[in-house]
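**Student:** Okay, predicted coordinates and the sequence, questions at the end:
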Amino acid sequence: MPTRLAALEPMAILRHSAHMTNFTLPGFDLAAFVRSTLAEDLGEGLPGGGRDVTSESVIPEDARFSGAMDSRDAIVVAGLPVAAAFFRALDPEMEIELLVAEGEAVPAGTELMRLSGNARAMLTAERAALNTVQHLSGIATMVRDYVRAMDNPACTLLDTRKTLPGLRHLEKYATRMGGASNHRMGLWDAAMIKDNHVAVAGSVGEAVRRAVAAGVAEIICEVDRLDQIEPALQAGTTRLLLDNMDPATLREAVALVAGRVPTEASGGIDLATIHAKAATGVDYVSVGRLTQSAPAADIGLDFTPL
C-alpha cells in the first residue's frame, strides 16, 4: 500500500464505532487538517519527499498489523476520532474500534483504541495520530485538574485564545472535554477591551463607548483597578474581566458590580490560587495555561504483525 499523499483521496468517513460517528467541530475541517499534517510529515512538495522511506523500504506492501493504543497515566481522553482519521486516510478499510468515550477519565493502563489494517499505513500515520491524542488528552487532563481544584459549581472555568496557530478549534474542544467552557473563539465573536485599547481611546469608558457605538453586541472590558469598574459599566460593557486582582480585591469588585454584569477573574491563576479566586463570587475564572502549558499525556501505540 503506498504511503504517498495521493492515497488520501477521498478522505474516508469515520465509521465502525459509535464514538467515531460524524466527528465535526464548527469551523474546523478535519479532512484538511489530516491532509496538511500528513503532507508535512511526508515532505510533500519537497525534493525526494511525498513518501515514508522507512516503511516503504522495510515493510512489505501487503503486510498487515494489529495495534492497540493505551494510556500509561491516568488521563482524560480527547482526540481519538481525529487519530482514527489519520489511519483511515491512508487505509480506508482499516478496522478501528474506539474503546472509551471522549471526555472520559481513565486510569493508567486503559486500552483506548484497537486497529487492524495495512502495516505501512499504520506506521506512517502513527506519529500524527499519537501527537494529536497526546496533546489533546494532555489539555483535557489539565483542565479536569483545574475544575477539581476550583471546586465551585457556581463558577465556570474558561479557556483563552492562547492556543497554537492552526489548533484553536481542537484545543478548545479538548478544554470542553476536560470540563471547561470556551471563552472567545477569536477576534470576531466579542470585543475584548484591554489596556492597549484603553491607551489609544483615552479611558476605559471611552473605549467601551466606541464599541457600543459600533454596534458590538458583546463587550468584555478588562479592568485592573476598582475605580475603572463604574465607568466601564456606565458606558455599556456586558462583562467585566477583573485582571490580576487578589481575592480580597476581587470580593470588593464583585460587590461594586452588584450583579449588573457577569464578572471574570483572570491573571495569576494556577492550581494553588484558583479555589480562593473562584470563591470570591465571580462568575468565571479564565486560565491561559490550560492550552498554553498543558503537558502531553503519556499514551502508547503498539503494533503486532498479523
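**Tutor:** Looks like it came in fine.

**Student:** can you map out the strands along the stretch 151-300 of the chain?
**Tutor:** Across the stretch 151-300 of the chain, reading from the start of the chain, the strands by DSSP state E, counting those that start in this stretch fall at 156-158, 191-193, 219-223, 239-243, 263-266, 284-286, 299-305.

**Student:** Figure out which of these is closest to M113.
**Tutor:** Among the strands of the stretch 151-300 of the chain, the nearest to M113 by Cβ to Cβ is strand 299-305 (8.1 Å). Using the backbone N, CA and C atoms, a C-beta is placed for each residue, glycine as well.

**Student:** For that closest one, buried residues please.
**Tutor:** I299, L301 (16 or more other Cβ atoms under 10 Å).

**Student:** Any chance you could list what contacts it?
**Tutor:** 63-72, 75, 112, 119, 122-123, 126, 129-130, 133-134, 137 (Cβ atoms under 8 Å, 6 or more residues apart in numbering).

**Student:** Surely V216 and A191 touch.
**Tutor:** Yes: using Cβ atoms under 8 Å, V216 and A191 qualify as a contacting pair, with a distance of 4.6 Å.

**Student:** Pick out whichever of these two has more residues nearby.
**Tutor:** Of the pair V216 and A191, A191 is the one with more neighbours under other Cβ atoms under 10 Å, namely 22 against 15.

**Student:** so what's that one up against?
**Tutor:** By Cβ under 8 Å, 6+ apart, the contact set of A191 is A211, V216, E218, I219, I220.

**Student:** next one: L136
**Tutor:** Taking Cβ under 8 Å, 6+ apart as the criterion, L136 is in contact with A78, G79, V82, L170, E171, Y173, A174, M177.

**Student:** filter the residues you listed to the buried ones?
**Tutor:** Buried members of the contacts of L136, counted by 16+ other Cβ under 10 Å: A78, G79, V82, L170, E171, Y173, A174, M177.

**Student:** Low-confidence stretches in the protein?
**Tutor:** Counting by pLDDT under 70, the chain contains low-confidence residues at 1-21.
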